[in-house]
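>>> Sequence first, predicted model second:
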Amino acid sequence: MPAASPEKQGAPGEARGLSRVRRRVRRWRSSIRVRILAGFVLVLTAATVGSVLIVRQVLLIQLDNRLDGELVQESRELFRLAGGSDPDTGESFGTDVERIFDVFLERNVPARNEAFLTFVGGGLYDRSRTVLPYRLDEDDALVSRWADVRESEAGAVDTPGGTVRYLAVPVRGDGRVLGVFVAATFRDREAAEIRPAIQAAALVGLAALVMGTLLAARVADRILRSVERVRTAATSISESDLTRRIEVSGDDEVARLAESFNALLERLEAAFRAQRAFVDDAGHELRTPITIVRGQLELLSDDPEERRRTLELVTQELDRMGRMVNDLLLLAKAEQPSQLELDLVEVSELIEDVGDKVRPLAERSWMVDSTGSGAIVADRERLTQALVELVRNAIDHTSESDEIAVGARLDSDRARLWVRDSGPGIAPEEREGIFERFHRAGPRRSEGAGLGLAIVRAIAEAHGGTVSVDSEPRNGTTFTIEIPANQPVHGEVA
């Protein structure tokens, strides 16, 4: 089999190299630092260029205004001379326009880049002797145009010597045009004098651009250094280690971001601890009935009576496991406010309905303290479950001679629902964790998993409320659910 050519052998390596280069270019383009600097440089460049152009335009406008003012001033001096007398004879010039032009040209020296032209009888009469880049008096088109001026005319013309701004005014006498005086300035040569100012503005703008870019790079580096700390902390976090925190320095937005991230980590750490504790507790509670079921099945004998008792015990344990799973599902659903089906609930009807449901559960002295008056926005089914759970808890800790009561009171913006019993009460040291999952306090007759009060708390908190306990040893216990009368609606209220 012939060996592959060097070109074919090198092609995959070249392709991989090109692919790495493309990835680096894409990563470079997507870098926040590059985008910040690019955006800042673009904005600062646009501002610098715009500033230079504005300065140039302002200077040019000022230049044109100055040149126009100087041309007007020259024409005024001519007419002031024409209104006086001949310095040689002391007599009035009258209509001797040629003498007027001669005296004016003798007395007035044009400014740099400026020229005077005079016209008599439709042709050039005389001009100033200033050396300029272009002889306007030798331009036939301009001479013809200016010689025939009958009204004052100002404007600009392009010549081989550059743009020329001019003012042509007719000199009148005896109701007729005696001659024409033209003052002209080579604008481009004047504009060249403002070029250093424009260049200086450009250099200042360039220096500001360089300094601003360096400053932006430093600021971006400082900002992204803090962001990089956040990223490093985020990548170092694992399910088994949530103890990593970001060092916070300063009081800017990035520092507040780091504080928020640290607070998020604390909430996640607490949530994971609670989740692990919940899984451990649930596994422990489920392990017992599973162990019992397995042991009974392994020791199952052929005796019919023994088999019957074994199957009955297994069925009871399976039922207990089923109740525990149902309670866990109910607890998970109760902890989500979005699962509430909100509606207008009449408090009096709710209490009467709960009273009717719980009376058959056990022989107790049942009472209704108060039914309340008015309606609230709530999930009727969930509140019923919570009250029934409280009643079941009261049944588990009381005897037939004890009293159990339900009641409610509605204030302007809060509703209070309670279950009261006359049982032995709860010791202070047992109240702290009474609403935790799988918690059992005191002697109980129920075989529940200790999820009832946790479900009650979840339902209350899902409604934006709380549940509390008031109890003294040998003086009974009162559980109170307090919720807002108007719920933050997660869906449409029916």
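Done, it's in.

>>> drop to CA atoms for contacts and neighbour counts, all remaining ones
OK.

>>> Give me the average confidence score over the longest helix along the chain.
Looking across the chain with DSSP state H, the single longest helix is helix 32-82. Mean pLDDT, computed over helix 32-82, is 86.

>>> That one - contacts with which helices or strands?
helix 97-107, strand 162-173, strand 176-186, helix 187-191, helix 195-236 (3 or more Cα pairs under 8 Å, 6 or more residues apart in numbering; DSSP states H and E).

>>> what about 7 Å?
helix 195-236 (3 or more Cα pairs under 7 Å, 6 or more residues apart in numbering; DSSP states H and E).

>>> give the contact list for Val52.
Ile198, Ala201, Ala202 (Cα atoms under 7 Å, 6 or more residues apart in numbering).

>>> redo that, cut-off 8 Å
Contacts for Val52 (Cα atoms under 8 Å, 6 or more residues apart in numbering) come out as Ile198, Ala201, Ala202, Gly205.

>>> mind checking how far it is from Arg195?
The spacing between Val52 and Arg195, counted by Cα to Cα, to the nearest Å, is 11 Å.

>>> and the angle from the longest helix of the chain to strand 162-173?
30 degrees (axes from the mean of the first three to the mean of the last three Cα atoms, to 10 degrees).

>>> chain center to helix 32-82: distance?
39 Å (Cα atoms, centre = their mean, to the nearest Å).

>>> what sits opposite the closest residue to Val177 other than its chain neighbours in the beta ladder?
Here the nearest residue to Val177 in space, its sequence neighbours aside, is Val171; by Cα to Cα, 6 or more residues apart in numbering that works out to 5.8 Å. As for beta bridges, Val171 partners with Gly179 under DSSP bridges.

>>> Provide a list of residues in contact with Val171.
Taking Cα under 8 Å, 6+ apart, we find Val171 in contact with Val97, Val177, Leu178, Gly179, Val180, Phe181.

>>> give me that answer again for 6 Å
Val177, Leu178, Gly179, Val180 (Cα atoms under 6 Å, 6 or more residues apart in numbering).

>>> Would you reformat those residues as TSV and include distance to Thr291, pLDDT and neighbour count?
As requested, the contacts of Val171 are exported to TSV (distance: Cα to Cα, whole Å; pLDDT from 0 to 100; neighbours: other Cα atoms under 10 Å):
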residue	distance to Thr291	pLDDT	neighbour count
Val177	129	91	18
Leu178	131	91	18
Gly179	128	93	27
Val180	125	94	28
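
>>> which among these gets closest to Arg225?
Val180 (75.8 Å; Cα to Cα).

>>> Surely the closest one touches Arg172?
No: counting by Cα atoms under 6 Å, Arg172 is not a contact partner of Val180; they are 8.8 Å apart.

>>> Any regions of the stretch 201-350 of the chain where pLDDT drops low?
Along the stretch 201-350 of the chain, the model assigns pLDDT under 70 to residues 237-241, 250, 254, 271, 274, 277-288, 320, 323-324, 327, 329-338.

>>> what are the ranges of the strands in it?
343-346 (DSSP state E, counting those that start in this stretch).

>>> What segments of it are helices?
253-298, 304-334, 347-358 (DSSP state H, counting those that start in this stretch).

>>> Out of those, flag the one nearest Arg35.
So among the helices of the stretch 201-350 of the chain, helix 253-298 is nearest, using Cα to Cα, at 17.9 Å.

>>> gap between the residue of the chain most remote from its centre and Arg107?
Distance from the C-alpha centroid of the chain peaks at Thr89, with 86.7 Å (Cα atoms, centre = their mean). Per Cα to Cα, Thr89 is found 16 Å from Arg107.

>>> Can you show me the strands along the stretch 351-494 of the chain?
365-370, 375-378, 403-410, 414-421, 466-471, 477-484.
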